[in-house]
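In: Test case, fold it:
(2 chains)
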Amino acid sequence: MDELEIDNRVKLARVEKGLTQEELADLVGVTRQTIGLIEAGKYNPTIKLCLMLARATGKDLDGLFWIRGER
Amino acid sequence: MKPKNLDERSVQLNGQVSFWVLMLTQIALAGWIVINRYVLGKPMQETGAIAAILGFSMAAYWGLRAYLSGALPVISWRRMLVIYILVVAVIFFATLLIQGVPPVERRYEMAYPFAGVAVVLGVYMLVAYLGKRRMDTLISE
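Out: Down below sits the predicted model:
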């Protein structure tokens, strides 16, 4: 079975909110590197972190993360 | 308010690094035992302590994993009895075929399969039962 790929719009949402990676990382309690990897699509965050990112950027969860090919 | 949780990627990395280092350590210890016993021909007494540490490490690691995951199927007593009889029979008769009947002063060794398999299956049942109970408690909370 093919591995499920997740796409996200975290970088766009962060920039729209006027936050740096460091600031967003501080808001959700992770490192800047983790935010960088999420934005690059190289790390799949847990649902808890996804929700925290959605809250910090003022977006809906499904506006921030989706399964590749479904949008 | 800034969350106080540890970076989840670091937690994942800690787990991965711990796993690989533990596996490498166990392989190194097993290699050391094999080389000392079968290449250098040292007596079992000289490798016994390391073998015990290795055995404890492997049993504790896999036992804890199985317990915490709660994924080991709990097998009924009747089915476990059938498995016990089958495994003991295979080991007992295979040993008998390969090594023959031991002399009278070492006849007690014939009981090893009975005791050994009972201990292994007993530990399995305990870990499976406790793991399932823990998972049921967590889910029902």
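
In: Quick one: name the residues of chain A near chain B.
Out: A:26-31, A:33-34, A:37, A:43, A:45-46, A:48-49, A:52 (Cβ under 8 Å from any Cβ of the partner chain). Glycine gets a C-beta too; all of them are placed from N, C-alpha and C.

In: In space, what's closest to B:Gly63 - neighbours in sequence excluded?
Out: B:Val127 (5.5 Å; Cβ to Cβ, 6 or more residues apart in numbering or on different chains).

In: Just list the residues touching residue 46, thanks.
Out: Picked chain A for this. Listed by Cβ atoms under 8 Å, 6 or more residues apart in numbering or on different chains, the contact set of A:Thr46 reads B:Glu8.

In: meant chain B actually
Out: Counted by Cβ under 8 Å, 6+ apart, B:Glu46 has contacts B:Asn36.

In: What strand or helix carries it?
Out: Applying DSSP states H and E as the criterion places B:Glu46 in helix B:44-69.

In: Just after that helix, pick out the following helix or strand.
Out: Next along from helix B:44-69, by DSSP H and E: helix B:77-99.

In: That next one: how far from the chain's middle?
Out: The chain centre lies 18 Å from the centre of helix B:77-99; the measure is Cα atoms, centre = their mean, to the nearest Å.

In: Domain-wise, how is chain B divided?
Out: B:1-69, B:71-141 (automatic domain parsing).

In: re the thing from before, go ahead and list the helix or strand containing the residue nearest to B:Gly63.
Out: Using DSSP H and E, B:Val127 sits within helix B:112-140.

In: And for A:Leu4?
Out: Here A:Leu4, judged by DSSP H and E, is contained in no helix and no strand.

In: Now do the contacts for it.
Out: Contact partners of A:Leu4, counting by Cβ under 8 Å, 6+ apart, are A:Ile67, A:Arg68.

In: Can you get me a residue count around the residue nearest to B:Tyr67 when sequence neighbours are not counted?
Out: Spatial nearest neighbour of B:Tyr67, excluding adjacent residues (Cβ to Cβ, 6+ apart): B:Gly131 at 4.4 Å. Neighbour count of B:Gly131, defined by other Cβ atoms under 10 Å in any protein chain shown: 21.
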